[in-house]
Structures are given as C-alpha cells and as structure tokens.
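Undergrad: This is the structure alone, sequence omitted:
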C-alpha cells in the first residue's frame with residue numbers, strides 16, 4: 001500500500017519543522033512561533049489523513065490543539081512579564 005502524496009508532503013513538513021526547533025529556549029516568543037508551526041504541520045497531516053484512518057486524524061488534531069494551547073500560554077506569560085516590567 002502506498003502513502004498518498006499529500007500525506008507524504010505533510011509528514012515531510014512536520015519533520016522539517018521539528019528540525020527547526022529553536023536550539024536555545026532563551027527567546028520564548030521564538031519557541032511559541034515554532035509551536036504554532038508544529039500545529040500547522042499537524043493540521044496538514046490531519047487534513048491529508050485517509051478517510052479510513054480516524055485515529056491518525058484525531059491524534060494529529062489533538063496534538064495540534066495542544067501545540068497551539070502551549071503557544072498561547074507562552075505568549076500569555078510573555079505578556080504578563082512585559083506588563084510587570086513596565087511598572
């Protein structure tokens with residue numbers, strides 16, 4: 001059984017995005033942007049998943065949602081620190 005080209009492309013995109021993980025986590029905004037990029041790649045996988053593979057689709061969407069939530073939480077923390085720094 002061969003893998004659909006759009007799924008192959010989405011998996012390659014996830015692999016490439018994971019490889020671009022910020023080396024140092026000094027810049028939380030950069031890490032949050034990377035988590036958003038991971039979420040986008042996972043959403044592409046979910047969209048390209050074959051109709052018969054609900055588990056793959058559900059897992060990709062679930063992981064994308066978690067990645068986006070983490071990015072939001074990181075940005076919220078950054079914003080709170082900026083607010084406190086301006087006092």
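TA: Cool, the structure landed. Here the structure is a predicted model, which is why all the values come from computation and not from measurement. Numbering: from 1, shown residues only.
Undergrad: which other helices and strands contact the worst-scoring helix or strand of the chain on mean pLDDT?
TA: Sorted by mean pLDDT, DSSP states H and E, the helices and strands of the chain end with helix 54-85, the least confident at a mean of 90. Packing partners of helix 54-85 (3 or more C-beta pairs under 8 Å, 6 or more residues apart in numbering; DSSP states H and E): helix 28-48. Where you see a C-beta, it was placed from the backbone N, CA and C, and this is true even at glycine.
Undergrad: ok and the helix it packs on relative to helix 54-85, angle-wise?
TA: If you take axes from the mean of the first three to the mean of the last three C-alpha atoms, to 10 degrees, helix 28-48 sits at 160 degrees to helix 54-85.
Undergrad: quick one on the thing from earlier: buried set for the least confident helix or strand of the chain?
TA: Residues of helix 54-85 classed as buried by neighbour count (16 or more other C-beta atoms under 10 Å): 57, 60, 61, 63, 64, 67, 68, 70, 71, 74, 75.
Undergrad: try stretch 22-33
TA: By 16+ other C-beta under 10 Å, the buried positions in stretch 22-33 come out as 31, 32.
Undergrad: Same list, the buried residues of helix 54-85, but as a markdown table with distance to residue 31 please.
TA: As requested, the buried residues of helix 54-85 are exported to a markdown table (distance: C-beta to C-beta, whole Å):
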| residue | distance to residue 31 |
| --- | --- |
| 57 | 26 |
| 60 | 21 |
| 61 | 22 |
| 63 | 16 |
| 64 | 16 |
| 67 | 11 |
| 68 | 13 |
| 70 | 9 |
| 71 | 8 |
| 74 | 6 |
| 75 | 10 |
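Undergrad: Pick the one among these closest to residue 45.
TA: Residue 45 lies nearest to residue 60 out of those, by C-beta to C-beta, at 4.4 Å.
Undergrad: Wait, the closest one touches residue 39, no?
TA: No: using C-beta atoms under 8 Å, residue 60 is not in contact with residue 39; the gap is 9.8 Å.
Undergrad: Looking at the buried residues of helix 54-85, which one is closest to residue 30?
TA: Nearest to residue 30 among the buried residues of helix 54-85, with distances taken as C-beta to C-beta, is residue 74, at 9.9 Å.
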